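Q: just to be clear, the model below is a prediction. Sequence and coordinates:
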Amino acid sequence: DVERTMERQVVSDSDGQDLDVLGLHREGNVVALGILNVRGGNVLGKDVLIFKDAEFPDDELLLQVLDARYGSAAEEDIPKLVLLPLELPEDERTAREDLLAEKRGTKVELLTPQRGDKRALVEIATRNAQAALEDRGALDARRKDALNRLQQRLRLSRRPAVMECFDISLFQGAQPVASQVTFVDGAPDKQRYR
């Protein structure tokens, strides 16, 4: 596909640098942050963080993510360059650069590119964030539809919000063993598994 080829071209033109690229997409109070980890000119990792009810400004969210992501990172996990989707206040940016440089042992730059290949990388990370929100919206719609059908089939007065499923079997034919899975609003709630 042409878009993937162009993305590979933009990444390979990054001069073999080690950098992280952040992209941000907001829909109301839901924010997605796309992260590309580029090492030696190759994308080694892609990640998207989604924040619900993010009522604070984008720059504050970005500062929190930078602190969380690099605050406990090992020296080798901190790249020389981090590309950002928006300008941070100069004092905050400088403070983060100094902290990261101290942890890494060499200079670290937080840059908000305005044009060129580096800006194209930020746009790729932003598109990844946007696509993740769109996928999440489609998944939420499918879950809601499935819960509506379940409500109709079971003739429930309300759509089920919490479902707990149990499996009980005999271990070696004699000892009962049980497990439980829980779904909240159609999504697995793994903290409530037993």
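A: Yes, it's here.
Q: which parts of this structure are helices?
A: All helices of the chain, identified by DSSP state H, fall at 2-12, 58-71, 90-104, 116-153.
Q: now for the last one, which elements pack on it?
A: Other elements packing on helix 116-153 under the criterion 3 or more Cβ pairs under 8 Å, 6 or more residues apart in numbering; DSSP states H and E are helix 2-12, strand 19-27, strand 30-39, strand 42-51, strand 81-83. C-beta here means a position set from N, CA and C on the backbone, and glycine is covered the same way.
Q: any idea which of those gets closest to residue 151?
A: strand 30-39 (25.5 Å; Cβ to Cβ).
Q: may I see the helices and strands packed on helix 116-153 arranged in CSV, with mean neighbour count and mean pLDDT as well?
A: Shown next, in CSV, are the helices and strands packed on helix 116-153 (neighbours: other Cβ atoms under 10 Å; pLDDT from 0 to 100):
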stretch, mean neighbour count, mean pLDDT
helix 2-12, 12, 47
strand 19-27, 22, 89
strand 30-39, 21, 86
strand 42-51, 14, 82
strand 81-83, 21, 91
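Q: coming back round to it: include distance to residue 39 when you put the helices of the chain into TSV, please.
A: Listed next are these as TSV, based on distance: least, Cβ to Cβ, whole Å:
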stretch	distance to residue 39
helix 2-12	11
helix 58-71	15
helix 90-104	14
helix 116-153	13
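Q: rewinding a little: now the helices and strands packed on helix 116-153 as TSV including distance to residue 149?
A: What follows is those, written out as TSV (distance: least, Cβ to Cβ, whole Å):
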stretch	distance to residue 149
helix 2-12	35
strand 19-27	27
strand 30-39	26
strand 42-51	26
strand 81-83	44
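Q: picking that back up, going by mean pLDDT, which of the helices of the chain comes out lowest?
A: Lowest mean pLDDT within the helices of the chain: helix 2-12, at a mean of 47.
Q: now do the contacts for the residue lying farthest from the centre of the chain.
A: Largest separation from the mean C-alpha position in the chain: residue 174, at 45.5 Å (Cα atoms, centre = their mean). With contacts defined as Cβ atoms under 8 Å, 6 or more residues apart in numbering, residue 174 has no neighbours.
Q: and for residue 63?
A: So residue 63 contacts 88, 92, 96 (Cβ under 8 Å, 6+ apart).
Q: one more time with 10 Å
A: Residue 63 makes contact with 56, 57, 88, 89, 92, 93, 95, 96 under the criterion Cβ atoms under 10 Å, 6 or more residues apart in numbering.
Q: PyMOL command for the buried members of these?
A: Remark: buried members of those, expressed as a PyMOL selection using 16 or more other Cβ atoms under 10 Å:
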select buried, resi 88+93+96
